[in-house]
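Chemist: One predicted model, sequence on top.
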Amino acid sequence: MFAARQTFGLFQKRAFSASASQASKVAVLGAAGGIGQPLSLLLKLNPRVSELALYDIRGGPGVAADLSHINTNSTVTGYEATPAGLKAALTGAEIVLIPAGVPRKPGMTRDDLFNTNASIVRDLAKAAAEASPDANILVISNPVNSTVPIVSEVFKAKGVYNPKRLFGVTTLDVVRASRFISQVKETDPANEAVPVVGGHSGVTIVPLLSQSNHPDIEGETRDALVNRIQFGGDEVVKAKDGAGSATLSMAMAGARFAESLLKAAQGEKGIVEPTFVESPLYKDQGVDFFASRVELGPNGVEKIHEVGKVSPYEEKLVEAALADLKKNIQKGRDFVAQNP
Ligand SMILES: NC(=O)C1=CN([C@@H]2O[C@H](COP(=O)(O)OP(=O)(O)OC[C@H]3O[C@@H](n4cnc5c(N)ncnc54)[C@H](O)[C@@H]3O)[C@@H](O)[C@H]2O)C=CC1
Ligand SMILES: O=C([O-])CC(=O)C(=O)O
């Protein structure tokens, strides 16, 4: 197995910072991709990460060699694209980020990625269920509304499913929401927070402007802002013109979410992130996964926050989201049932 990996962490001399006194291995599956590379870079810069494990079907060791020259204390290991390499990348990981899979081209919906990405995510989930059953699994690969249920079904089949440790990464939606509202209001986005609930595609993305600093935004301005948040991904897909979708902003969002989990694992209280998790909020309507604000703790999900008071306009948005979510979730489950 050792031959299947290359280790580059040879220059680790300085003491860890206090926050990184706990060893934290983070694995990135799809590490050589458009998201994987800048995400791995940001993780290499994070003192809370002690070991970075990079896996991809091509190029993992090269990205690892490059990042390993950065003079931060973590080790970086690139793994060969073999079952043994994948297993070694996953073993001992506290966090597994999955940005493996194809991105959209103009004219496609995220659901159009299902046929390709469902089996990629299923196979990586099988490996994770065997090698790192207790890790926090952070699913970035689209369509998130379906790939997260795929992971849950695979973990269930292996008898290791823990709903507190499975997260669909929807952080980019709130990152965009705070940026876009700051452009409308000419404010600093650092001071803006717009809760975004539901899921991660089109109308399942539900921004709650009534709970932002600017509940006064109404009429056409509101409609345009909500639409921009819901379809922010499409803006990037169009601008990239066939060369993929958001990668850099997604890397920032993924790194932020991983950082929040590490902070929570290392004992910080009150860490809240939006994320798509198995949720009781709309179970009575047949929707088992839902994104809302989630407090994180050492065991993963600590507390799922209620959606809270919404306007009649937002109630309609939630209704539309639930209808799509139900189908997207079922599609993921059916896929695993039919293609175990
Ligand atoms: N959750 C979110 O907010 C967002 C999700 N995405 C999604 O993230 C995914 C990745 O996007 P990009 O990085 O731009 O794509 P990309 O094509 O640049 O990179 C994907 C990487 O995955 C690797 N890969 C493919 N199959 C694999 C496997 N079985 N095991 C390991 N690695 C494998 C590829 O070799 C490639 O390096 C897409 O599905 C995209 O839709 C993108 C932006 C935001
Ligand atoms: O739009 C896409 O396909 C990628 C994505 O999920 C996003 O940027 O939010």
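Modeler: Received, thanks. Ligands and ions are numbered 1, 2, ... in the order given.

Chemist: For ligand 1, what's its nearest residue on the stretch 1-150 of the chain.
Modeler: At 2.0 Å from ligand 1, residue 33 is the closest residue in the stretch 1-150 of the chain, using Cβ to the nearest ligand atom. For every residue, glycine as well, the C-beta is placed using N, CA and C.

Chemist: Run a quick neighbour tally on the closest residue to that residue other than its chain neighbours.
Modeler: Distances taken as Cβ to Cβ, 6 or more residues apart in numbering put residue 99 closest to residue 33, at 6.0 Å, once the chain neighbours are dropped. Residue 99: 27 surrounding residues under other Cβ atoms under 10 Å.

Chemist: mind listing what residue 99 touches?
Modeler: Neighbouring residues of residue 99 by Cβ atoms under 8 Å, 6 or more residues apart in numbering: 28-31, 33, 35-36, 39, 140-141, 250, 254.

Chemist: Cross the residues you listed against strands and list the overlap.
Modeler: Judged by DSSP state E, those include 28-29 as members of strands.

Chemist: Just send the contacts of residue 99 back as CSV, with pLDDT and neighbour count too.
Modeler: CSV is the format used below for the contacts of residue 99 (pLDDT from 0 to 100; neighbours: other Cβ atoms under 10 Å):
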residue, pLDDT, neighbour count
28, 99, 33
29, 99, 32
30, 99, 26
31, 99, 30
33, 98, 26
35, 99, 28
36, 99, 27
39, 99, 28
140, 99, 31
141, 98, 30
250, 98, 23
254, 98, 26
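
Chemist: Tell me which two of the contacts of residue 99 sit farthest apart.
Modeler: 29 and 250 (14.8 Å; Cβ to Cβ).

Chemist: part of a helix, is residue 293?
Modeler: No - with DSSP: H, G, I helix; E, B strand; the rest coil as the criterion, residue 293 is located in strand rather than a helix.

Chemist: Please tell me how far it sits from residue 211.
Modeler: Going from residue 293 to residue 211 by Cβ to Cβ, to the nearest Å gives 10 Å.

Chemist: Find residues that contact each of these two.
Modeler: By Cβ under 8 Å, 6+ apart, the residues touching both residue 293 and residue 211 are residue 195.

Chemist: mind giving me the domain ranges of this protein?
Modeler: 24-169, 171-329 (the TED database).

Chemist: Can you pull the residues of the stretch 1-150 of the chain lying near ligand 2?
Modeler: 103-104, 110, 142 (Cβ under 6 Å from any ligand atom).
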